[in-house]
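Peer 1: with the sequence up front, the predicted model follows.
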Amino acid sequence: MRRSMRAAFAIGATTAVAVLGFAGVAQAHVTVNPSDATQGGYTRIAFRVPTESDTLSTTKVQVNLPTDEPVASVSIMPVPGWTAKVITTRLAKPITTDDGDQVTEAISEIDWTADSAATAIKPGEFQEFPVSLGPLPETDSMTFKALQTYSDGSIVRWIDVATPGGPEPEHPAPVLHLAKASTDQGADTVTATKASTTAGTHASTPSNTGPLTISIVAAVLALAGLVLAGLAYKRKA
């Protein structure tokens, strides 16, 4: 009876560990947070960079902004212990701003480098690099190819583009999905969004809906495993 009870509880515990382990792996890629925004608006996003290595630290992060659908206004939030560098590219076709000004150059790359080993992203940790940008292009999504450099000089290239309906690539590039603005949203709404983003960049908090949902599912499955273990024990008793 005791052996049966121990086996049942072992099954429940194994289920919990497996699910929780999967939740950790699912969040290990370089991602954009939040992953959704509205076309034509201004938004504040953060590039979330975890260190997957068990022994090395992340010392540099390079993010490429698409130039086929450039963004006129891009600003970065200072990250303590990291130095940021922006690289601009001359546009083949200038962008016209809301004020009628012509923008001939746009930021095409942002590089963040750790100031020292103490501020690098250590194993089991992650860092977020906030960016404010807009107006967002009228396209379904923006893909930000990224390079992650480790303390031994090795580079992980998060540049793979997923195909619709296909499996997730091994090193997917971060993607920001863009939805069309509602037809009942007027110019005042866009202006208010821009003002809110500009004024509240430092106070905004990225969404944690994805990790929270996975954690809840993991907890429910773990509880189900323990309930099954209890029922198995009752039947044996």
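Peer 2: Perfect, I can see it now. Numbers count the residues shown, from 1 in each chain.
Peer 1: poorly predicted segments of this protein, please.
Peer 2: 1-27, 183-237 (pLDDT under 70).
Peer 1: how about the strands in the protein?
Peer 2: Applying DSSP state E to the chain gives strands spanning 31-33, 36-38, 43-50, 58-64, 73-76, 82-96, 102-114, 126-134, 141-143, 146-150, 155-158, 175-179.
Peer 1: OK, contacts around the residue lying closest to residue 104 once chain neighbours are set aside?
Peer 2: Once flanking residues are discounted, residue 104 sits nearest to residue 94: 4.9 Å by CB to CB, 6 or more residues apart in numbering. Using the backbone N, CA and C atoms, a C-beta is placed for each residue, glycine as well. Neighbouring residues of residue 94 by CB atoms under 8 Å, 6 or more residues apart in numbering: 102, 103, 104.
Peer 1: was I right about residue 30 contacting residue 51?
Peer 2: No: with contact defined as CB atoms under 8 Å, residue 30 and residue 51 do not form a contacting pair (10.5 Å).
Peer 1: which one, of the strands of the chain, ends up nearest to residue 169?
Peer 2: Among these, strand 155-158 comes nearest to residue 169, with 9.5 Å by CB to CB.
Peer 1: with adjacent residues omitted, what lies nearest to residue 85?
Peer 2: Closest to residue 85 by CB to CB, 6+ apart is residue 111, at 4.5 Å.
Peer 1: one more: residue 170?
Peer 2: residue 160 is the one closest to residue 170 (CB to CB, 6+ apart), at 6.6 Å.
Peer 1: and the one you found, what are its bridge partners?
Peer 2: residue 172 (DSSP bridges).
Peer 1: residue 174 is in contact with that one, correct?
Peer 2: No: counting by CB under 8 Å, residue 160 does not reach residue 174; the two are 10.9 Å apart.
Peer 1: and those two? Which one has more around it.
Peer 2: Set residue 160 next to residue 174 and count neighbours by other CB atoms under 10 Å: residue 174 wins out with 22 against 14.
Peer 1: contact partners for that one?
Peer 2: 29, 30, 31, 32, 47, 63, 143, 144, 146, 158.
Peer 1: domain ranges for this protein, per the record?
Peer 2: 1-28+207-237, 35-206 (automatic domain parsing).
Peer 1: follow-up on the earlier one: what's the separation between the residue nearest to residue 170 and residue 146?
Peer 2: Computed with CB to CB, to the nearest Å, the distance linking residue 160 and residue 146 is 11 Å.
Peer 1: between the two, what contacts are shared?
Peer 2: residue 173.
Peer 1: what about the residue nearest to residue 104, distance to residue 125?
Peer 2: 41 Å.
Peer 1: and residue 79, by the same measure?
Peer 2: For residue 79, the distance to residue 125 - CB to CB - is 13 Å.
Peer 1: who has more neighbours, these two?
Peer 2: Counted by other CB under 10 Å, residue 79 and residue 125 do not tie: residue 79 has more neighbours, with 18 against 12.
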